[in-house]
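Chemist: With the input below, show me the fold.
(chains A and B)
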Number of protein chains: 2
Amino acid sequence: MTPSDTSGTPGVAAKDAVAAAPGLATFWRRYQDLVSETALPYQWEALNDRIPGIEPSHAVRNFKIAAGLEKGDFYGFVFQDSDVAKWLETLSFNLLHHRDPRLEQHADEVIELIEKAQGPDGYLNTYFTIKEPGKRWTNLHEGHELYCAGHFIEAAVAYYEATGKRRLLDVVRRYADLIDSTFGPEPSKLRGYCGHPEIELALVKLSEVTGDTKYLNLARFFIDERGREPYYFDIEYEKRGRTHILPELRHFGREYLQAHVPVREQSAAEGHAVRLTYLYSAVADLARLSEDASLRDACIRVWENATGKRMYVTGGIGSTSFGESFTFDYDLPLDSMYAETCASVGMVFWAHRMLKLEVERRYADVMELELYNGALSGISLDGTRYFYVNPLESFPERSARNPGLRHVKSERQRWYSCSCCPSNITRLIASLGRYVYTVQGNSISTHLYVGGEAELLVDGKRFRVEQTTGYPYDGSVRMTIQDAPDEEIAISLRVPGWCGRYSCTVNGRPWTDVELEKGYLPVRRRWKNGDVVELALEMPVRLIRSHPNVRSSWGKVCCARGPLIYCLEEADNGPGLHDISLAEDPTWTVTRDSGLLGGTATIEGKAFRTEMGSWDDSALYASDGANRRPVSIKAVPYALWGNRGRGEMLVWINSGRSGT
Amino acid sequence: MTPSDTSGTPGVAAKDAVAAAPGLATFWRRYQDLVSETALPYQWEALNDRIPGIEPSHAVRNFKIAAGLEKGDFYGFVFQDSDVAKWLETLSFNLLHHRDPRLEQHADEVIELIEKAQGPDGYLNTYFTIKEPGKRWTNLHEGHELYCAGHFIEAAVAYYEATGKRRLLDVVRRYADLIDSTFGPEPSKLRGYCGHPEIELALVKLSEVTGDTKYLNLARFFIDERGREPYYFDIEYEKRGRTHILPELRHFGREYLQAHVPVREQSAAEGHAVRLTYLYSAVADLARLSEDASLRDACIRVWENATGKRMYVTGGIGSTSFGESFTFDYDLPLDSMYAETCASVGMVFWAHRMLKLEVERRYADVMELELYNGALSGISLDGTRYFYVNPLESFPERSARNPGLRHVKSERQRWYSCSCCPSNITRLIASLGRYVYTVQGNSISTHLYVGGEAELLVDGKRFRVEQTTGYPYDGSVRMTIQDAPDEEIAISLRVPGWCGRYSCTVNGRPWTDVELEKGYLPVRRRWKNGDVVELALEMPVRLIRSHPNVRSSWGKVCCARGPLIYCLEEADNGPGLHDISLAEDPTWTVTRDSGLLGGTATIEGKAFRTEMGSWDDSALYASDGANRRPVSIKAVPYALWGNRGRGEMLVWINSGRSGT
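Modeler: Below you'll find the model as predicted:
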């Protein structure tokens, strides 16, 4: 369990890959600044119920009540505590590159409060403490106790790594010890696991930061136990007298809980999408740390199904709002899907862990896809509005007037009663640096192209590298070695799956005739300070088609460039986007527009739109009449949609090719 | 209120338009025989819970319990009684052309039972009698009391007309008198109306058959009162202490109940689709009988919206399963719709009454569309399986595995817990004769082409006409006058909106240069017995497109011939129907196939299907690879789909024309 990359390494991780190169990492720096300067303070105010007109949170107040500092009732979802934990975690990641004494003081205060709300035996959960004292651990199916514990563990690890302060880490260790003494295979313990995976991946982190394998073993117990017969959630249901906390969950099957079969027997992405990604993030960790081939195989099987059969082109997962779940292979409806922000964030977590397990481009390709598209669309350009559902089409009137599509919002919302997504996208953005590289042995794999400095440990020795890049709008990447040990080290550069042509130089000399290793271009040498590797990835506009079995996008194409999926918005193209069809040769033009959407690149091309022609407007059906007229269309990056008021949006455009 | 057509005319109506020409009316005769010989006995067994493995009905048993003949609890929906009434009504219509002493005996027995279940004051409802005695008239919103009353009135009128037996008519008159003394504008009465319109149209029939205008006035009261402020359903809710019978109804707005505004202020088709058609059927009756222009205008406004903006190409209405409701203009999703059989049957009721109000082709066009498509698809070729939802696409795996689409069944079901549709489609088929003609003054309008004899009253005089036709597969119609009074009478022949070319002869001589009057070709003359009018309607294969605002079918076409909408089935074309696109020139072939689906005409044409080509099957997205190959496709009438086991079905096919 030697930390093998920037994550989990206090002091070293403090020099975050993104943070140290101001002015260079334009794209992500803007988002990290947004999280630091706007989203974190905004979310803090939201958690403290100081923003009028939004869904009440009550999350901080629940802690005050549980700590005995205030009187009142618990309010919110049973997992409301996790919003505080995820805010703390975001803040911790942010402190690595944006020191902010005021926010750190809020953090210290809320940590003090959390400590006060902790029971003498280590128990920490405001719902059960306030509302159902004595009922702890009786409803793992619905109660989210271990889920909330997991988020506090993640927050504590991150805060400790960022600040060196141990207070919250000590709180969660006490709690984790209580959990460890409560759950396990021994007859005196409960053989249960949480209805929402999360604690498993958190325990891996706790084990790594403390060096205590007890937590890793507990994570393994939870993973091994999940889905076994007799079915734990039935047993506890009878035992507690058939009561419910979230009765709506009874509509969903065991898949929803990722408990329909043991993990090692799973082969498809089923059930609640977020639960799946959190679970498999931990499974991938365990597979790596335990060198467990059966867990690794399960990871790969489910990954291939999730990404090869059940993922939107934006990276979104979850084809139905019913249980926020996967449905079946190639079922990717464009209007009624879920594609939750949290699920795309979870895919980044999982992809990152798959890369630690095995460096293969396909994992990094999905990680990049999620980062730039399905996950990033979850936050507005002003940092205070969030999507829960990330649709592939937005038609505001339909969302407003077709009740089956009410969950598909046409505008980001300021907060949610279940507000899991806002802090999930912000914690991802704040921690982006740890997704750029992984280190295996004496090989550094570069998965993402993100400007910034990184300090890595290679075979225990310091390796410093700086990246500059115009990504995602420009495929040129320059890596300058700043500090390298005197030994042969490979820097492997990912050539993205979307990239058809690329070139590479080392200190200006072509680095050619090198075969890609699982999609990565290895540059193996003894590095000297000042060595420069340059990679140029061509980024033409691409038209993407979906597998012919995908009914919803059959005969349609999606426009992409580099890692960015593009979409059409009403703001640029007027209403009725569904009637656009591409010209056979769209003759694309890419334009950098510094004034649009905080500075972006647009794609323009030739298309056609329907004209009413001789169509009698009062006729709903007719044999003919409508014509088409040539138009120019303008596409913008999907992640940036919905920042110009309510309007239509469309990812999949009718193809100009007839009949396919 | 002189009966102006075959309906409501005992003795005269006994010679039903369809019945008297055996061997000629092939298409409808098969369905009427099916109702007579299979569906009626089957439904009787179902209502008596003697069919194993189907949803229990308990409907007859509820009457036995209410009558004190058996002990037990009420079971089923609050409107379970209506299933018995609709069975009786179907049987009554059937008796006009299929005398069946055994079924008539069942009817007499159940009528005796109904009489025994009636309270001394005339009250008749098994739910309230058994389960909520003393709560009658306290929950018109959910209770369906007046709805059930309406169905008994309809059954009683039909049974009286078919048999001359008055027993059930007397029962419902006592009940109607009780209702009349309970509801009305007087301070001593309740100013309420039913949450589900139905009694209004029934009271018009009762008034017609009894000659008592009291019932017509009561219908008018219910229509006038609906949607007024203060809102009756709120008042009764508070009065009864906020209890519920069907708590799920609280999710739906006032539109669902057709009570959001008074009828005269309605301008769009909103809310529950069946409720709307039943309401507007009565409104059209009232507009005609009272010569009420404001009601007539409301009918026309709502009709134009329903049929011009919110109706599927099959005639289906109700774009969402949520409240089985309309949504908004041009919102016609193909996979998640409702398009309930009852709603299409209700459209026939409404269209028929619009034709009585004013002979205009557009009403008959929709009536015909519903009859041959959206309504008829509700029953299987064996008469014992029924669709509730009539989708425009069937993809069995999606129905099974995408929970948002579970209501869209891929196979007709043997029965339903809410089994309104089976008896609705059978009562329509059994009574088809009354939809063929209407008589206004000395003009006979021929709306439908259905083989059979009809006896009409024109200015009080007998007019007998026989129709022979190969409809719907052949557009030749021959009308032979069998008995006509010695005066000038116009026979107006509808030239369907779908028909581009037609010709007409009278006794073999061309009847040309006559302008259509609102879509009808008038043949005005003194008729002699043996006169023959022949009409030939050309029936080429048509490709129908939808208004460009309809997103779901943009770029797609639907194949039709004559009154029939066609569809593709997996049985003829293999799976994956979504990947078919028509050739630019499909070169249609129409083939009569006596062995297929009970004898039908298929349409075959040229198309393309996707071939995987160089597409890597494991890739969900790629820039290219799939090809297309030429294929021949075969389409069958939509009404006949789903009679060959589970399989895919598709109405809207990708157009061969690129970009429109």
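Chemist: what's the burial count for the closest residue to residue A:496 other than its chain neighbours?
Modeler: Leaving out its chain neighbours, the residue that sits closest to residue A:496 by C-beta to C-beta, 6 or more residues apart in numbering or on different chains is residue A:365, at 6.0 Å. For the C-beta atoms, the positions are set from N, CA and C on the backbone; glycine is no exception. Residues near residue A:365, counting by other C-beta atoms under 10 Å in any protein chain shown, number 21.
Chemist: Contacts for the helix or strand hosting residue A:365, please.
Modeler: In the assignment (DSSP states H and E), residue A:365 maps to helix A:361-369. With contact meaning C-beta atoms under 8 Å, 6 or more residues apart in numbering or on different chains, helix A:361-369 is reached by A:303, A:307, A:311, A:314-315, A:347-348, A:351-352, A:354-355, A:435, A:447-448, A:494-498, A:518-520, A:563, A:565.
Chemist: Just the buried ones among these, please.
Modeler: A:303, A:307, A:311, A:314-315, A:347-348, A:351-352, A:354-355, A:435, A:447-448, A:494-498, A:519-520, A:563, A:565 (16 or more other C-beta atoms under 10 Å in any protein chain shown).
Chemist: Which members of the residues you listed occur in helices, if any?
Modeler: A:303, A:307, A:347-348, A:351-352, A:354-355 (DSSP state H).
Chemist: and those near chain B, which?
Modeler: The subset of these within reach of chain B, by C-beta under 8 Å from any C-beta of the partner chain, is residue A:307.
Chemist: any idea which of the ones in helices among the buried ones among the contacts of helix A:361-369 is closest to residue A:67?
Modeler: residue A:348 (33.9 Å; C-beta to C-beta).
Chemist: Look up how far chain B lies from that closest one.
Modeler: In this view, residue A:348 and chain B are 18 Å apart by C-beta to the nearest C-beta, to the nearest Å.
Chemist: For that residue, list the residues it contacts.
Modeler: So residue A:348 contacts A:367, A:370-371, A:375, A:428, A:435 (C-beta under 8 Å, 6+ apart).
Chemist: again, but for residue A:141
Modeler: A:195, A:233, A:236-237, A:249, A:257.
Chemist: can you put those in CSV and add neighbour count and pLDDT?
Modeler: Formatted as CSV, the contacts of residue A:141 follow (neighbours: other C-beta atoms under 10 Å in any protein chain shown; pLDDT from 0 to 100):
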residue, neighbour count, pLDDT
A:195, 25, 98
A:233, 17, 97
A:236, 18, 97
A:237, 18, 97
A:249, 16, 90
A:257, 27, 97
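Chemist: Quick check: the farthest pair among these?
Modeler: A:236 and A:249 (13.2 Å).
Chemist: separation between the residue most central in space within chain A and residue A:317?
Modeler: Taking C-alpha atoms, centre = their mean as the criterion, residue A:345 is the residue nearest the geometric centre of chain A, at 0.8 Å. To residue A:317, residue A:345 is 11 Å away according to C-beta to C-beta, to the nearest Å.
Chemist: cool, residue A:125 as well?
Modeler: Counting by C-beta to C-beta - residue A:125 and residue A:317 are separated by 29 Å.
Chemist: next one: residue A:651
Modeler: From residue A:651 over to residue A:317 (counting by C-beta to C-beta), the distance is 15 Å.
Chemist: Kindly report the same for residue A:164.
Modeler: The value you get for residue A:164 to residue A:317, if C-beta to C-beta is used, is 37 Å.
Chemist: Same drill for the two, tell me which one is more crowded.
Modeler: Using other C-beta under 10 Å as the criterion, residue A:164 and residue A:317 rank with residue A:317 on top: 29 against 11.
Chemist: hmm, back to that, if I look at residue A:345 and residue A:317, which residues touch both of them?
Modeler: residue A:277.
Chemist: and the residue in the stretch 251-400 of chain A positioned nearest to chain B, how many residues sit next to it?
Modeler: Proximity to chain B, evaluated over the stretch 251-400 of chain A using C-beta to the nearest C-beta, is greatest for residue A:322 at 3.7 Å. Other residues lying near residue A:322 total 19 when counted by other C-beta under 10 Å.
Chemist: can you check residue A:469 too?
Modeler: 23.
Chemist: what pairs with it across the strands?
Modeler: For residue A:469, the beta-bridge partners are residue A:477 (DSSP bridges).
Chemist: Pull the contacting residues for it.
Modeler: A:24, A:449-451, A:476-478.
Chemist: correct me, but residue A:294 touches residue A:266?
Modeler: No: if you go by C-beta atoms under 8 Å, residue A:294 and residue A:266 don't touch, sitting 11.1 Å apart.
Chemist: ok, these two, which is more surrounded?
Modeler: The residue with more neighbours, out of residue A:294 and residue A:266, is residue A:266; 24 against 12, by other C-beta under 10 Å.
Chemist: residue contacts, the more buried one?
Modeler: Going by C-beta under 8 Å, 6+ apart, residue A:266 touches A:227, A:258, A:260, A:298, A:301-302.
Chemist: Now it. Its backbone dihedrals?
Modeler: phi -80, psi 140 (degrees, to the nearest 10).
Chemist: same deal with residue A:567?
Modeler: Residue A:567 adopts backbone torsions of phi -140, psi 160, taken as degrees, to the nearest 10.
Chemist: May I have the beta-bridge partners of it?
Modeler: Here residue A:567, judged by DSSP bridges, has bridge partners residue A:636.
Chemist: domain parsing for chain A?
Modeler: Chain A breaks down by automatic domain parsing into domains covering A:27-435, A:437-537, A:541-654.
Chemist: Spell out which parts of the stretch 551-660 of chain A neighbour chain B.
Modeler: Residues of the stretch 551-660 of chain A lying near chain B (C-beta under 8 Å from any C-beta): A:551, A:554-555, A:558, A:576, A:578-579, A:581, A:583-584, A:608, A:610, A:612, A:615, A:617-628, A:654, A:656-660.
Chemist: Which of those residues fall in strands?
Modeler: A:558, A:581, A:608, A:610, A:621-622, A:627-628, A:654 (DSSP state E).
Chemist: and of the contacts of residue A:141, the nearest to chain B?
Modeler: Nearest member of these to chain B, counting by C-beta to the nearest C-beta, is residue A:249, at 13.8 Å.
Chemist: Got a PyMOL select line for the buried ones in the contacts of residue A:266?
Modeler: This is how PyMOL selects the buried members of the contacts of residue A:266, with burial counted by 16+ other C-beta under 10 Å:
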select buried, chain A and resi 227+258+260+298+301+302
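Chemist: Which ones among the contacts of residue A:266 map onto helices?
Modeler: When these are checked against helices (DSSP H), the matches are A:298, A:301-302.
Chemist: roughly how far apart are the closest residue to residue A:195 other than its chain neighbours and chain B?
Modeler: In space, and not counting its chain neighbours, residue A:195 is closest to residue A:141: 4.4 Å by C-beta to C-beta, 6+ apart. To chain B, residue A:141 is 19 Å away according to C-beta to the nearest C-beta.
Chemist: Next secondary structure element downstream of whichever strand or helix holds residue A:141?
Modeler: Using DSSP H and E, residue A:141 sits within helix A:140-143. Using DSSP H and E, the next helix or strand after helix A:140-143 towards the C-terminus is helix A:145-163.
Chemist: isn't residue A:656 right up against residue A:583?
Modeler: Yes: the pair residue A:656 and residue A:583 qualifies as a contact (C-beta under 8 Å) at a distance of 5.1 Å.
Chemist: Cool, thanks, talk later.
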